[in-house]
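Engineer: requesting a structural model of the entry that follows:
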Amino acid sequence: MIHRIAETTSTNDLAHGAQYGHGDVIWAERQTAGRGQRGHTWTSPEGVNLLFSVVLCPTFLPAGEQFGLSQAVALALADTFAAFGIDTRIKWTNDIYAGDCKLTGILIEHRLAGDRLARTVVGVGINVNQKAFDPALPNPTSMALEAGRTFDREEVLGRFHAALMRRYAALEAGERAALAAEYRRRMYRLDEPQAFRLPDGSRFTGIVRGVRSTGALLVEHPDGAVRDYLFREIEFAVKKSSSELGMPK
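Structural biologist: Here you go, the predicted model:
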């Protein structure tokens, strides 16, 4: 069921409430304390985009395999945009890009019961019909900018919910290898040079080679070594094009 509300602090906060069950969607027009990854905030003008959270109860999934759920969510978003004629890629860990611009952000929060997932809240912000952005944002885009037309937000949300339920069912049915393979094929900058930034501020140019089942990003360094990086251990550095990276494929 889709629960549409005018305002809340964060749809993720609300979605943790016991009154919401598996598959429920909390959609808010305004968030006063919306959250993104890496402690960032998520803001949006009212009435043009989608800010919502989906409640899932993946009790079949061991905590150590939670990245499979992230893959299902990201693929469902890519499916949704494809249905509207927009080609997208999944930027590790949980952003959806159209070209080199950010279209969607995802924040997934889990609660555990022993060594298994008990409840998951999937927070999603989709730039749907916004056409002007804060110039401080590095690379935003929207469905409207990509497609050259506006969209019915309720239709977009409905398409995503259906796509998510399909991808979730595949995960529950044990089709994890197929999901992982498709996730890899849709990764942003896969097998291409990319600038990265490390927590100490240093930068290097590497090549994305995929992800492990744990969610660790596989990056090939200039010396040919492939190293694993977990969330917060590495960050994509925004660049204008691959030609300025100085590293051949």
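
Engineer: helices or strands up against the longest strand anywhere in the chain?
Structural biologist: Counting residues, the longest strand found in the chain (DSSP state E) is strand 101-113. Counting contacts by 3 or more C-beta pairs under 8 Å, 6 or more residues apart in numbering; DSSP states H and E, strand 101-113 packs against helix 67-83, strand 95-98, strand 116-126. (Each C-beta comes from the backbone N, C-alpha and C, glycine too.)

Engineer: tabulate the ones you listed in TSV, adding columns for mean neighbour count.
Structural biologist: Converted to TSV, those look like this (neighbours: other C-beta atoms under 10 Å):
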stretch	mean neighbour count
helix 67-83	22
strand 95-98	21
strand 116-126	22
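
Engineer: just put the ones you listed in CSV and tack on mean pLDDT.
Structural biologist: Listed next are the helices and strands packed on strand 101-113 as CSV, based on pLDDT from 0 to 100:
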stretch, mean pLDDT
helix 67-83, 98
strand 95-98, 97
strand 116-126, 97
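
Engineer: what about the closest residue to residue 47 other than its chain neighbours, how many residues nearby?
Structural biologist: Excluding its sequence neighbours, the residue lying closest to residue 47 (C-beta to C-beta, 6 or more residues apart in numbering) is residue 29, at 6.3 Å. Using other C-beta atoms under 10 Å, residue 29 has 18 neighbouring residues.

Engineer: wait, is residue 29 part of a helix?
Structural biologist: No - counting by DSSP: H, G, I helix; E, B strand; the rest coil, one finds residue 29 to be strand, located in no helix.

Engineer: so for the residue nearest the centre of the chain, what's the pLDDT?
Structural biologist: The chain has residue 94 as the residue nearest its centroid, 3.0 Å off, counting by C-alpha atoms, centre = their mean. Residue 94 carries a pLDDT score of 86 in this model.

Engineer: contact partners for the residue lying closest to it once chain neighbours are set aside?
Structural biologist: Distances taken as C-beta to C-beta, 6+ apart put residue 106 closest to residue 94, at 3.9 Å, once the chain neighbours are dropped. Contacts were defined as C-beta atoms under 8 Å, 6 or more residues apart in numbering; by that measure residue 106 touches 37, 70, 73, 74, 77, 94, 95, 96, 122, 123, 124, 125.

Engineer: so which of the helices and strands packed on strand 101-113 is nearest residue 145?
Structural biologist: Smallest distance to residue 145 across the helices and strands packed on strand 101-113 (C-beta to C-beta): 8.4 Å, for strand 95-98.

Engineer: contacts for the closest one?
Structural biologist: Under C-beta under 8 Å, 6+ apart, the answer for strand 95-98 is 37, 74, 77-78, 81, 86-91, 102-106, 141, 146, 188.

Engineer: go again with 6 Å.
Structural biologist: If you take C-beta atoms under 6 Å, 6 or more residues apart in numbering as the criterion, strand 95-98 is touched by 77, 86, 88, 89, 91, 102, 103, 104, 105, 141, 146, 188.

Engineer: stretch 20-33 now?
Structural biologist: 1-11, 14-15, 46, 51-55, 57.

Engineer: and it, how far from the chain's centre?
Structural biologist: With C-alpha atoms, centre = their mean, to the nearest Å as the basis, stretch 20-33 stands 17 Å off its chain's centre.

Engineer: what is the end-to-end distance of that stretch?
Structural biologist: When the termini of stretch 20-33 are compared using C-alpha to C-alpha, to the nearest Å, they are 20 Å apart.

Engineer: pull out the buried positions in that stretch.
Structural biologist: Within stretch 20-33, the residues that count as buried by 16 or more other C-beta atoms under 10 Å are 20, 24, 25, 26, 27, 28, 29, 30, 31.
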